[in-house]
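Student: kindly generate the corresponding structure for this input.
(one chain, ligands or ions: 2)
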Amino acid sequence: MGRVIAVANQKGGVGKTTTAINLASSFAAAEVNTLLVDCDPQSNATSGLGLVKDPERINTYHLLMGAATLEQAVRPTELEQLWVVPAHKDMIGANIELVDTERREFRLRDALGPWRDRYQFIVLDCPPALDLLTLNALVAADAVLIPMQAEYFALEGISELMDTVERIRAGLNPELNIEGVVLTMLDERTNLAQQVMAELKRFFGDKLCATTIPRNIRLAEAPSHGRPALLYDPRSKGAESYIRLAKEIIAHHLPAEEPAPPAAEEMGKSA
Ligand SMILES: Nc1ncnc2c1ncn2[C@@H]1O[C@H](COP(=O)(O)OP(=O)(O)O)[C@@H](O)[C@H]1O
Ligand SMILES: [Mg+2]
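Tutor: Ligands and ions are numbered 1, 2, ... in the order given. Next up, the predicted model:
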């Protein structure tokens, strides 16, 4: 069954979309079938993967409204094993339209349900708000990946998100885990970055991803070419760092190639 990872942080500009695009692309490049669902009306993940604006195209809005199936909504990308459900700016209205609907927080979960085993990873790019779109993503997800910048008050900024995760766990989605916290746009050489990293390590322990994402101009340029960094400039530090992050996450979840041999005791019994 596919693992659904919501990339969320209610703060804008922290690297959610860059992480969603490049992590999903790196999963696909590692030859695991991956789906990216753009849940943000700003549609930056959609355009960043080379899909031009098209209001007629079936998008995440239709999934949320139950007006289309996932199969009708998915589009191929330049990478053979990466598919995308695009977003559209009109989706902003979904926040209001959903308020009075049944199972309003479960819309995305219900839409993904029957198709989850087609993909090994499903990455959800969330908007910069703790709105119904983000709630739908967190309810649909197995885990949340939190991109953060290393700055003072970094922890204060995410307490609201952590509270939301706790509330969702207590009610709507008891299975929701923290996939990890990933530091983005990092300039490791600064004292500030070192101090903040140490603080986050104390707070998050092994939930703080070992891989960090450096500030890298290629990551900022790639979306305007409609390509993930690993196609735009595969040797760039940015592309490499997301490939490492994908490997780190894959190593946590996919079974190792060779299963461990049965314990000696077990073998004795069956002999
Ligand atoms: N590691 C990075 N190095 C350089 N620029 C980055 C990096 N990550 C993100 N950016 C740029 O920072 C801006 C905000 O990133 P984005 O991923 O759109 O954040 P969010 O989705 O959280 O709003 C974008 O212009 C993006 O290109
Ligand atoms: Mg974004």
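
Student: list the contacts for Leu186?
Tutor: 149-150, 193, 212-215 (CB atoms under 8 Å, 6 or more residues apart in numbering). (Each C-beta comes from the backbone N, C-alpha and C, glycine too.)

Student: so which of those belong to strands?
Tutor: Judged by DSSP state E, the subset of the contacts of Leu186 located in strands is Gln149.

Student: which one of the contacts of Leu186 is nearest ligand 2?
Tutor: Of all these, Gln149 has the smallest distance to ligand 2: 13.6 Å, by CB to the ion.

Student: turn the contacts of Leu186 into JSON lines, including neighbour count.
Tutor: Output for these, formatted as JSON lines (neighbours: other CB atoms under 10 Å):
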{"residue": "Gln149", "neighbour count": "19"}
{"residue": "Ala150", "neighbour count": "21"}
{"residue": "Ala193", "neighbour count": "18"}
{"residue": "Thr212", "neighbour count": "18"}
{"residue": "Ile213", "neighbour count": "25"}
{"residue": "Pro214", "neighbour count": "16"}
{"residue": "Arg215", "neighbour count": "15"}
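
Student: lowest-confidence one in the contacts of Leu186?
Tutor: For these, the weakest pLDDT value sits at Ala150, with 87.

Student: which parts of the stretch 1-150 of the chain are helices?
Tutor: 16-29, 44-48, 60-64, 70-73, 94-97, 107-112, 132-140 (DSSP state H, counting those that start in this stretch).

Student: out of these, which comes closest to ligand 1?
Tutor: helix 16-29 (3.4 Å; CB to the nearest ligand atom).

Student: quick one: is the closest one near ligand 1?
Tutor: Yes. Shown here: helix 16-29 in contact with ligand 1 (CB under 6 Å from any ligand atom) through 16-18.

Student: cool, and stretch 127-137?
Tutor: Yes. With CB under 6 Å from any ligand atom as the measure, stretch 127-137 is seen reaching ligand 1 through Pro128.

Student: now the end-to-end length of that stretch.
Tutor: 10 Å (CA to CA, to the nearest Å).
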